[in-house]
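J.: Fold the following for me, if possible:
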Amino acid sequence: MRVLKILAAAILLVASLGCAAFAQTLEKTSVRLGVGGKALLYYLPLTIAEKKGFFKEQGLDVEIDDFAGGAKSLQALVGGSVDAVTGAYDHTIRMQAKGQDIRAVLELGRFPGIVVAVKKGVKYDSPADFKGLKIGVTAPGSSTNIMMNYVLAQAGLTPDDVSFIGVGSASSAVAAIQKGEIQALSHLEPVISMLERSGDIRVVIDTRTEAGTRALFGGENPAAVLYLKKDFIDKNPNTTQALVNALYKALKWIQTASPEEIANTVPEEYLLGDKALYEQAVQNSKASYSITGLIDPAGMKSTNDMLVKFDDTMKDTHVDLSKTFVDTFAKKAAESVK
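T.: Just a heads-up that it's a prediction; the model follows:
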């Protein structure tokens, strides 16, 4: 009996030392991560990594700060209140143009997943009809706003030709349409499926699919990514890899999970009181999630071309797109994550 007790104690000691050694490989075990609208399906991989315990498996304690929109989470990263962000890829290009070295390390969405719709009864034949309308976006400066600017530019319009209103995510966006506070909407799932089913909107542009994305942009257009300051990546390569590993595992899980399994995993409030509707929204969005975690160079160029076309502050900039995405972390995750 005494021998057994000694053996058990030795096993526990080795296990604890092993955990400590693992923890020591991470430069930071506590990470603050910003996101703009966590309940949106645009950021589903983040919620899956959190709820399935994939961050903890990597030895990370991740505190998630949920902001009103992607522009706010970017501001938090620049200001230093968060260490990393799950946000739109185009933010990395914009910041590189401003001389701030922010880089993506993992693609979460290969299509934007953003839908532009008009309220039922509002006249719409072409993007020119957006002139003078009140258009809801998640938040000013966020990806939903940026894509809408691109749509306007194609019709020869500018952001000054419309009124943009930040409507947040989920229930507040639905309410804004139903109360008539806005006449059009650039938004994401599950908001779109809810408004489609209730008959409150008519979809006019849809980037949830490859066909819809190519129709608008003429090619691929990467969406959500994990991005950080280069300085953080350089100082914390193991912590960065751990974040990528967890989110990459979430992407692989989403690929094989059923809409019902996904609905059973996310917080109940994400379902907006209608689980079946949420499952339909998941089904509508599944094709948009990244398969490899890598951004195709053509997608980088497509995004840059979009920004240069409609944004006067970007027209004379020459961004080295190779600095907007570091592919080594995603490649390593593909080799090691099971």
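J.: State the distance from residue 288 to residue 60.
T.: Distance of residue 288 to residue 60, computed by Cβ to Cβ, to the nearest Å: 26 Å. C-beta: built from backbone N, CA, C; applies to glycine.
J.: Bridged to the most centrally placed residue in the chain, which residues?
T.: Nearest to the mean C-alpha position of the chain, counting by Cα atoms, centre = their mean, stands residue 224 at 3.2 Å. Beta-bridge partners for residue 224, by DSSP bridges, are residue 88.
J.: ok, now which ones touch it?
T.: 42, 43, 45, 86, 87, 88, 89, 107, 108, 109 (Cβ atoms under 8 Å, 6 or more residues apart in numbering).
J.: Would you state the strands of the stretch 1-150 of the chain in chain order?
T.: Taking DSSP state E, counting those that start in this stretch as the criterion, the stretch 1-150 of the chain contains strands spanning 30-36, 61-67, 84-88, 102-107, 115-119, 134-137.
J.: for the fifth one, what is the average pLDDT?
T.: Confidence over strand 115-119, taken as the mean pLDDT, stands at 98.
J.: Mind listing the strands that strand pairs with, and their directions?
T.: Counting by DSSP bridges, strand 115-119 is paired with strand 184-187 (antiparallel), strand 201-206 (antiparallel).
J.: Can you name the element that comes right after the shortest one?
T.: Right, the one you point to is strand 184-187. Moving toward the C-terminus from strand 184-187, the first helix or strand encountered (DSSP states H and E) is helix 191-198.
J.: Pull out the buried residues from that following helix.
T.: Residues 191, 192, 193, 194, 195, 196 are the ones in helix 191-198 that count as buried (16 or more other Cβ atoms under 10 Å).
J.: With adjacent residues omitted, what lies nearest to the third one?
T.: It refers to residue 193. Nearest-residue entry for residue 193: residue 281, 3.9 Å, with adjacent residues in sequence omitted and distances by Cβ to Cβ, 6 or more residues apart in numbering.
J.: my guess is that neighbour meets residue 189, correct?
T.: Yes: the pair residue 281 / residue 189 is scored as a contact, 4.2 Å apart, by Cβ atoms under 8 Å.
J.: of the two, who's got more company?
T.: residue 281 (29 against 23; other Cβ atoms under 10 Å).
J.: distance between the ends of stretch 87-103?
T.: 11 Å (Cα to Cα, to the nearest Å).
J.: pLDDT of it, averaged?
T.: According to the model, stretch 87-103 has a mean pLDDT of 96.
J.: returning to what we had before: can you put the buried residues of helix 191-198 in JSON lines and add pLDDT and distance to residue 167?
T.: Listed next are the buried residues of helix 191-198 as JSON lines, based on pLDDT from 0 to 100; distance: Cβ to Cβ, whole Å:
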{"residue": "191", "pLDDT": "94", "distance to residue 167": "9"}
{"residue": "192", "pLDDT": "96", "distance to residue 167": "13"}
{"residue": "193", "pLDDT": "94", "distance to residue 167": "16"}
{"residue": "194", "pLDDT": "93", "distance to residue 167": "13"}
{"residue": "195", "pLDDT": "96", "distance to residue 167": "12"}
{"residue": "196", "pLDDT": "94", "distance to residue 167": "17"}
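J.: Pull the most distant pair out of those.
T.: Greatest spacing in the buried residues of helix 191-198, by Cβ to Cβ: 191 and 196 (9.6 Å).
J.: Next, find the distance separating residue 215 from residue 326.
T.: Plainly put, residue 215 is 30 Å away from residue 326 if you go by Cβ to Cβ.
J.: er, residue 45 actually
T.: Residue 45 is 18 Å from residue 326, by Cβ to Cβ.
J.: Looking at residue 215 and residue 326, which is more packed in?
T.: Set side by side, residue 215 and residue 326 show more neighbours around residue 326, with 19 against 12, by other Cβ under 10 Å.
J.: tell me the contacts of the more buried one?
T.: Applying Cβ under 8 Å, 6+ apart to residue 326 gives the contacts 103, 104, 105, 233.
J.: Out of the strands paired with strand 115-119, which one sits most buried?
T.: Stretch with highest mean neighbour count among the strands paired with strand 115-119: strand 184-187 (a mean of 28; mean count of other Cβ atoms under 10 Å).
J.: And the helices in the stretch 151-300 of the chain?
T.: 171-178, 191-198, 210-217, 230-235, 237-256, 259-265, 275-285, 297-310 (DSSP state H, counting those that start in this stretch).
J.: Can I get these in a markdown table including distance to residue 51?
T.: Output for the helices of the stretch 151-300 of the chain, formatted as a markdown table (distance: least, Cβ to Cβ, whole Å):
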| stretch | distance to residue 51 |
| --- | --- |
| helix 171-178 | 20 |
| helix 191-198 | 21 |
| helix 210-217 | 28 |
| helix 230-235 | 25 |
| helix 237-256 | 9 |
| helix 259-265 | 5 |
| helix 275-285 | 14 |
| helix 297-310 | 28 |
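J.: Residue 323 against residue 104, yeah?
T.: No: with contacts counted by Cβ under 8 Å, residue 323 stays clear of residue 104, the gap being 10.2 Å.
J.: Show me which of these two is the more surrounded one.
T.: Taking neighbours as other Cβ under 10 Å, residue 323 and residue 104 compare with residue 104 leading, 27 against 14.
J.: Enumerate every residue touching the closest residue in space to the more buried one that isn't next to it in sequence.
T.: Closest residue to residue 104 apart from its sequence neighbours, by Cβ to Cβ, 6+ apart: residue 225 at 3.9 Å. By Cβ under 8 Å, 6+ apart, the contact set of residue 225 is 86-89, 92, 104-109, 295, 325.
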